[in-house]
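[1] Sequence plus predicted model, see below.
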Amino acid sequence: MSESTPLVTGVIVVAAGSGQRLGYGMPKAAVPLGGEPILMHALRGIVASGVASQVCVVLPAGDEGLRRLCGDFREELADGGPLLTLVDGGATRADSVRAGMAALMEGTDAVLVHDAARALTPESVFHRVAEALAAGAAAVIPVLPVVDTVKTVAATSGEDSMFAPEVVTGTARREELRAVQTPQGFKLDTLVQAHRAAGGLDRQQSAAVTDDAMLVEMLGTPVYAVRGSTQSLKITTPLDLIFAEGLLEGPLGARWVEG
Ligand code: CTP
Ligand code: MG
């Protein structure tokens, strides 16, 4: 890889989801974790990592509470800290990412796309992704080995359905599998090109796109993988929120940081 060059990096924090599976009746970004909204933990982690020249927060359209929260956080940021930009999100995560990209400042070289739902991502993960970009990668994702055995299944039919609703069709080679996290890092022109190409997908194909790296893979551009962190769990269900609370307040306490 080539020698590292400093990159002007924008971090897009997608926080415009409704949090259906968490089931709090409010956007997930606003749900309290350790006494503060989930979004605040994510923002503090990004700023503390020092990788961002700009943090572009994508919020649920019309959510005044989260807007105010971000406005207050902007006041807290020291002079010389990143520019904080707020934009309205879209109907899908990909729409929200595109809204964030449109608000990046001129001169941006690289972009990290991060889920607000990964509120406790350690700084070290931001650093590993940013360093790979600086070293010349066009696309980088943080990953973890998969601990469960993973199988493929199909729906049963006819007599088979008397036993169970699904039948196993195969077993994936676990040593080749990785669970994928955020922040996902890209050279800005690579991500722009990938999302432009996504415009040509039909509704079914679009629904199958669950991260940005997948769109880059479709371009044929290599996507590199660096080590993620178990602490970077995505808060999706009530159980995840219990885990996250435990990381902050449990026996391990806030001192525990898995690098
Ligand atoms: N997201 C977004 N815009 C959307 C949908 C999702 O910005 N239209 C963001 C979420 O806010 C979250 C991240 O993408 O930070 C990952 O999505 P997910 O965990 O699925 O969050 P929600 O969509 O809010 O949750 P759910 O699917 O349970 O409703
Ligand atoms: Mg969702």
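    Now that the structure is in, tell me what you want to look at. Because the structure is a prediction, the values reported are computed rather than measured. Ligands and ions are numbered 1, 2, ... in the order given.

[2] got a pLDDT number for the residue in the chain positioned nearest to ligand 1?
    Ligand 1 sits closest to residue 17 of the chain, with a gap of 2.0 Å, by CB to the nearest ligand atom. Heads up, the C-betas are built off the backbone N, CA and C, glycines and all. According to the per-residue confidence, residue 17 scores 97 in pLDDT.

[3] I'd like to know how many residues surround it.
    As a burial measure, the neighbour count of residue 17 was computed by other CB atoms under 10 Å and equals 21.

[4] contacting residues for it?
    Neighbouring residues of residue 17 by CB atoms under 8 Å, 6 or more residues apart in numbering: 27, 28, 29, 60, 89, 93, 96, 117.

[5] the strands in the stretch 1-150 of the chain, which residues?
    Chain-ordered strands for the stretch 1-150 of the chain, with DSSP state E, counting those that start in this stretch as the definition, fall at 9-14, 32-33, 36-37, 54-59, 83-88, 110-115, 139-145.

[6] Provide a list of residues in contact with the residue nearest to residue 74 when sequence neighbours are not counted.
    Distance criterion CB to CB, 6 or more residues apart in numbering; nearest residue to residue 74, sequence neighbours excluded, is residue 84 at 4.6 Å. Neighbouring residues of residue 84 by CB under 8 Å, 6+ apart: 54, 55, 57, 70, 73, 74, 77.

[7] now with 10 Å?
    13, 43, 47, 52, 54-57, 70-71, 73-77 (CB atoms under 10 Å, 6 or more residues apart in numbering).

[8] likewise residue 97?
    12, 14, 16, 58, 89-90, 111, 113, 184, 191, 194-195, 198, 211-212, 215.

[9] okay, who's weakest in these by pLDDT?
    Summarising pLDDT for those: the lowest-scoring member is residue 198, with 90.

[10] Contacts only, for it.
    For residue 198, the contacting residues are 94, 97, 98, 205, 206, 209, 212, 214, 215, 218, taking CB under 10 Å, 6+ apart as the criterion.

[11] rerun at 8 Å
    Under the criterion of CB under 8 Å, 6+ apart, the contact partners of residue 198 comprise 94, 206, 209, 215, 218.

[12] now residue 210
    Contact criterion CB under 8 Å, 6+ apart gives residue 93 as the residues in contact with residue 210.

[13] now residue 120
    41, 45, 231, 232, 233, 244, 247, 248.

[14] now do 6 Å
    When the contact criterion is CB atoms under 6 Å, 6 or more residues apart in numbering, the partners of residue 120 are 231, 244, 247.

[15] cool, residue 181 as well?
    Under the criterion of CB under 6 Å, 6+ apart, the contact list for residue 181 reads 142, 228, 232.

[16] ranking the contacts of residue 120 by neighbours, who comes first?
    Once you tally neighbours by other CB under 10 Å, residue 244 ends up highest among the contacts of residue 120, having 22 neighbours.

[17] Against residue 204, how distant is it?
    Here residue 244 is placed at a distance of 33 Å from residue 204 (CB to CB, to the nearest Å).

[18] and what of residue 177?
    Applying CB to CB, the value for residue 177 to residue 204 is 24 Å.

[19] More neighbours: the two, which one.
    Under the neighbour definition other CB under 10 Å, residue 177 and residue 204 were set side by side, and residue 177 has more, 14 against 7.

[20] No further queries at this time; thank you.
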